[in-house]
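Undergrad: Have a look at this prediction, sequence included:
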Amino acid sequence: MMNAHNFGKSWAPERTPRGQFAKGSGGRPHGVKGKKSREALEQVKSFGPDALAALRESVVAKERWAVEYVLNRLLPSSGRLIEFEDMTPEDVSGALKDGDISPVEAKDVAAALAKLAEVSDIEQLRERLDELEKAFVKGPNS
């Protein structure tokens with residue numbers, strides 16, 4: 001069992017002149033778990049078989065939350081086809097509110113819409129620039 005006393009002389013917490021731990025220097029080395037944390041983790045791990053049994057029962061009972069949970073964990077989230085009627089920000093917002101898409105998917109769709117809008121703006125600017133170049137080449141009297 002590893003604790004602060006087993007680290008020998010290579011590790012000692014910094015202390016103030018009054019003997020208190022210095023700021024940023026706790027009484028335990030970074031990464032060492034306390035006894036209570038280990039005990040709590042072991043207790044949570046012991047729930048595993050019961051939790052899986054309860055999840056299985058919920059899936060067999062066709063509870064939507066359980067089926068969605070299992071599918072979300074089994075199926076890859078990237079590459080999921082999301083269909084919208086008009087692909088507007090309002091559609092994305094509505095799908096998020098209705099629970100049809102996750103917040104991460106909504107963020108990705110919104111980013112894609114923003115990029116598409118930028119591309120459209122760039123195309124319009126390019127067309128205007130081409131028109132201006134043609135007008136400049138022809139000259140003011142043409």
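TA: Here it is on my side, so go on.

Undergrad: Show me the shaky parts of this protein.
TA: Low-confidence regions of the chain, defined here as pLDDT under 70, cover residues 1-11, 24-31, 33, 76-79, 140-142.

Undergrad: Do a quick rundown of the helices in it.
TA: In the chain, the segments counted as helices under DSSP state H are 35-46, 48-60, 64-74, 89-98, 103-138.

Undergrad: Can you add mean neighbour count and give those helices back as TSV?
TA: Bear in mind the C-beta positions are built from the backbone N, C-alpha and C, glycine included. Formatted as TSV, the helices of the chain follow (neighbours: other Cβ atoms under 10 Å):
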stretch	mean neighbour count
helix 35-46	10
helix 48-60	11
helix 64-74	11
helix 89-98	14
helix 103-138	11
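
Undergrad: Show me the domain layout of this structure.
TA: For the chain, the structural domains run 32-75, 78-142, going by automatic domain parsing.

Undergrad: Rebuild the ones you listed as TSV, extending it with distance to Phe21.
TA: As requested, the domains of the chain are exported to TSV (distance: least, Cβ to Cβ, whole Å):
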stretch	distance to Phe21
domain 32-75	15
domain 78-142	40
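
Undergrad: looking at those, which is closest to Glu14?
TA: Shortest distance between Glu14 and those, using Cβ to Cβ, is found for domain 32-75: 16.2 Å.

Undergrad: Distance check, Leu129 against Ala54.
TA: The spacing between Leu129 and Ala54, counted by Cβ to Cβ, to the nearest Å, is 63 Å.

Undergrad: right, I mislabeled it, should have said Gln20
TA: Taken as Cβ to Cβ, the span from Gln20 to Ala54 is 47 Å.

Undergrad: Just want the most central residue of the chain.
TA: Nearest to the geometric centre of the chain sits Val104, at 6.5 Å (Cα atoms, centre = their mean).

Undergrad: Distance-wise, check the nearest residue to Phe84 once chain neighbours are set aside relative to Ser102.
TA: In this structure, Phe84 finds its nearest non-sequential neighbour in Asp91, 4.4 Å apart by Cβ to Cβ, 6 or more residues apart in numbering. Going from Asp91 to Ser102 by Cβ to Cβ gives 15 Å.

Undergrad: same check, this time on Thr16
TA: Per Cβ to Cβ, Thr16 is found 48 Å from Ser102.
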